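Q: Sequence plus predicted model, see below.
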Amino acid sequence: MISDAMKSGAERAPQRSLLKANGYTDYQIKKPIIGIVNSFNEVVPGHMHLQTIARSAKDGVLMAGGLPMEFNVIAVCDGIAMGHEGMKYSLASRELIADSIECMAKAHAFDGLVFIPNCDKIVPGMLMAATRLNIPSIFVSGGPMLSNCSDEGVPMDLNSVFEAVGAYKNGTIDEERLSYFEENACPGCGSCSGMFTANSMNCLTEALGLGLRGNGTIPAVHASRQRLAKNAGMRAVELVKENLRPLDIINEKSIHNALVVDMALGCSSNSMLHLTAIAHEAGIPIDLRKVNEISENTPNLCRLAPAGPHHVQDLNDAGGVWAVMHELAKHNLLDGDLMTVTGKTVAENIKDCEAKNHTVIRPIDDPYSKTGGLAVLFGSLAPNGAVVKRSAVAPEMLVHKGPARVFDSEEQAIDAIYNSKINPGDVVVIRYEGPAGGPGMREMLSPTSAIAGMGLDKSVALITDGRFSGATRGASIGHVAPEAVSGGPIAYIEEGDIISIDIPSYKIDVEVPAEVLEQRKAKTTLKVKTDIKGYLKRYSRLVSSADRGAVID
């Protein structure tokens, strides 16, 4: 066992003495030591209940003959951090999470790990750590929040409140109605209930092969979530005995499977950022143009919020991620021979997982669309790519051309939107919000939701070198690379320039002659922030561009 280096032999008597100071007996110390990586805190609603999940996971480890040792990692709530300086820390926290887990696991020689994430950056941060460490590992998330219906019978989620703010600013609803959404849209613990970033990544953990069935979809408040955690704890001990490690599961083919499932589910645009970072940890480069090939060949089978009326609880009732994979396998779109954390192959896992509701999970021969939920656009505005959640774009906005409305920060853009300075047909450009330029590549649910709440989502596009929330709907195109602070073309766009968007053709261009852009480049001083301190200062110096996953080497 890995832990023998820490606990076995006469020379390790001091280490055993310290373990005994924690109350562990000789009998316990001899067992496989399983680190329980818990992201519980009392800030994030998706994490409020993770002590219960951790208790169940530890029970599973004990039942299988292991010794569980729990430790905690940080977790940022993107919704609470949204719209102010706090969002600069969200993506940046992903690297801290991965690094801190590496420190704990290596320092204490754990034999295996049970990862308990739930919300946006915690899932990919933990996946990065698992891949980097290559210690037998399994994931069990906290599960999605329930979605309740409004008094009008419309399912609600966090995005309902953000869009209600836009409607309130537009005078469409009053303060009392805004308060109604505030009180009722988020009914309890769990990750926000649509196919936003957290649920996207928890679902993709199943597709990658590192989570048991239901990891991404069983609601947080269901008892079956606790049973899942117990099974994950038991399986963690078995993984140690079998010496089945993440890099036996994560490879180029399993990343391809995850991208296929991503397209079928209609996951958050942020999944591109995180899958690229996870692949980087495994030494697997992702060509973003290859992503479009996958999208062209993968039908979109699900339209969960914000792309449609369904939520993750509906996906769970319809059969979950494995049922989606079962449909994809009918057209040989998945590699079924890959090993998974269950100890079985993908094909063995999904063979009996028929979809139970063909409205939530469309049949492979009758999809919502013939192409996948995400697209990567290239062109003179984004030579290295930009990402859009195609499945959440209104049909009339899939091809759009309009004048640029240029803003050098999210705050400037929100001010213009709230003060009705954006007109139908405009293309809102928000720059200097990239990984290094932000720093932190802020998600921008506030401006996109305001646009939607004001009824402009079918006539106005938004483009940024920052990110958009998985809850975003409309023609919201993020991850523009190179970013503005690195001298990407987005830095040289001027008010009124015509922006051309053609999502079906994967193109995004600024209709300005190349020589004019070069002239602007010669006279433009890039806006590098000099007032940042602490972790963000280090992060901005070291972080890569979005097309490389915003990783730190």
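A: Arrived safely, thanks for sending.

Q: So which residue is dead centre in this protein?
A: The C-alpha lying nearest the average C-alpha coordinate of the chain belongs to T197 (C-alpha atoms, centre = their mean; 3.4 Å).

Q: From S391, how far off is it?
A: To S391, T197 is 15 Å away according to C-beta to C-beta, to the nearest Å. Quick note: C-beta positions are derived from backbone N, CA and C, even for glycine.

Q: Would you confirm that L275 contacts T205?
A: No: contact criterion C-beta atoms under 8 Å: L275 and T205 do not qualify, at 11.0 Å.

Q: Between those two, which is the more surrounded one?
A: Neighbour count, other C-beta atoms under 10 Å: between L275 and T205, T205 has more, with 29 against 26.

Q: so what's the closest residue to the more buried one other than its chain neighbours bridging to?
A: Counting by C-beta to C-beta, 6 or more residues apart in numbering, G211 is the residue found nearest to T205 once chain neighbours are left out, at 4.0 Å. Per DSSP bridges, the residues bridged to G211 are F139.

Q: residue boundaries of the helices in the stretch 51-200 of the chain?
A: Secondary structure of the stretch 51-200 of the chain (DSSP state H, counting those that start in this stretch): helices located at 78-81, 90-108, 122-133, 158-169, 175-184, 197-208.

Q: What angle do helix 122-133 and the second one make with each other?
A: This means helix 90-108. 40 degrees (axes from the mean of the first three to the mean of the last three C-alpha atoms, to 10 degrees).

Q: which residues in the stretch 151-300 of the chain form strands?
A: With DSSP state E, counting those that start in this stretch, there are no strands along the stretch 151-300 of the chain.

Q: no no, the stretch 301-450 of the chain
A: In the stretch 301-450 of the chain, the segments counted as strands under DSSP E, counting those that start in this stretch are 374-377, 385-389, 399-407, 427-430.

Q: For stretch 420-438, measure first residue to last.
A: 25 Å (C-alpha to C-alpha, to the nearest Å).

Q: picking up where we left off before, could you export the strands of the stretch 301-450 of the chain as TSV, including mean neighbour count, mean pLDDT and distance to R467?
A: Shown next, in TSV, are the strands of the stretch 301-450 of the chain (neighbours: other C-beta atoms under 10 Å; pLDDT from 0 to 100; distance: least, C-beta to C-beta, whole Å):
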stretch	mean neighbour count	mean pLDDT	distance to R467
strand 374-377	26	96	13
strand 385-389	28	96	9
strand 399-407	18	98	16
strand 427-430	27	97	11
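
Q: Let's have those in JSON lines, adding distance to G60.
A: Listed next are these as JSON lines, based on distance: least, C-beta to C-beta, whole Å:
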{"stretch": "strand 374-377", "distance to G60": "35"}
{"stretch": "strand 385-389", "distance to G60": "36"}
{"stretch": "strand 399-407", "distance to G60": "50"}
{"stretch": "strand 427-430", "distance to G60": "45"}
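
Q: Which stretch among the ones you listed approaches M145 most closely?
A: Minimum separation from M145 across the strands of the stretch 301-450 of the chain (C-beta to C-beta) falls at strand 385-389, 20.1 Å.

Q: residues making contact with the closest one?
A: In this structure, residues lying in contact with strand 385-389 by C-beta atoms under 8 Å, 6 or more residues apart in numbering are 266, 268-269, 272-273, 288, 307, 373-378, 463, 468, 470, 472-473, 475-481, 503, 508, 546-547.

Q: one more time with 7 Å, if that's ok
A: 268-269, 272, 288, 373-378, 472, 476-481, 503, 508, 547 (C-beta atoms under 7 Å, 6 or more residues apart in numbering).

Q: Tell me the strands beside it, with direction?
A: When pairing is defined by DSSP bridges, strand 385-389 lines up against strand 374-377 (antiparallel), strand 476-481 (antiparallel).

Q: Which neighbouring elements make contact with the least confident helix or strand in the chain by mean pLDDT?
A: Lowest mean confidence among the helices and strands of the chain (mean pLDDT, DSSP states H and E): helix 445-453, at a mean of 85. Applying 3 or more C-beta pairs under 7 Å, 6 or more residues apart in numbering; DSSP states H and E, we find helix 445-453 packed against helix 158-169, helix 410-418, strand 461-464.

Q: Among the ones you listed, pick out the one with the most neighbours on average.
A: Greatest average neighbour count among those goes to strand 461-464 (a mean of 28), per mean count of other C-beta atoms under 10 Å.

Q: For that one, output the C-alpha coordinates as PDB.
A: The C-alpha trace of strand 461-464 is given here as PDB (Å, rounded to 0.1, in the frame of the first residue of the first chain):
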ATOM      1  CA  ALA A 461     -25.400  39.100 -28.900                       C
ATOM      2  CA  LEU A 462     -22.700  39.300 -26.200                       C
ATOM      3  CA  ILE A 463     -19.000  38.500 -26.700                       C
ATOM      4  CA  THR A 464     -16.200  38.400 -24.100                       C
END
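
Q: Other residues contacting that strand?
A: Residues outside strand 461-464 that contact it (C-beta under 7 Å, 6+ apart): 397, 400, 402, 427-431, 433, 444, 447-448, 451, 475-478, 480, 499, 501.

Q: returning to what we had before: out of the helices and strands packed on helix 445-453, which is closest to V123?
A: helix 158-169 (17.0 Å).

Q: Which neighbouring elements make contact with that closest one?
A: Judged by 3+ C-beta pairs under 7 Å, 6+ apart, helix 158-169 is in contact with helix 175-184, helix 445-453.

Q: of all these, which lies closest to T530?
A: Counting by C-beta to C-beta, T530 lies closest to helix 445-453 out of these; the figure is 25.2 Å.

Q: What residues sit buried inside the closest one?
A: Judged by neighbour count (16 or more other C-beta atoms under 10 Å), helix 445-453 contains these buried residues: L445, S446, P447, T448, S449, A450, I451, A452, G453.

Q: Compare the helices and strands packed on helix 158-169 and give me the one nearest S8.
A: helix 445-453 (51.1 Å).

Q: Need the residues that contact the closest one.
A: When contacts are defined by C-beta under 7 Å, 6+ apart, helix 445-453 is touched by residues 82-83, 159, 162-167, 169-170, 410, 413-414, 417-418, 457, 460, 462, 468-469, 471-474, 476.

Q: do stretch 63-70 as well
A: Contact with stretch 63-70 is made by 24, 28, 31-36, 38, 54, 58, 61-62, 233-234, 236-238, as judged by C-beta under 7 Å, 6+ apart.
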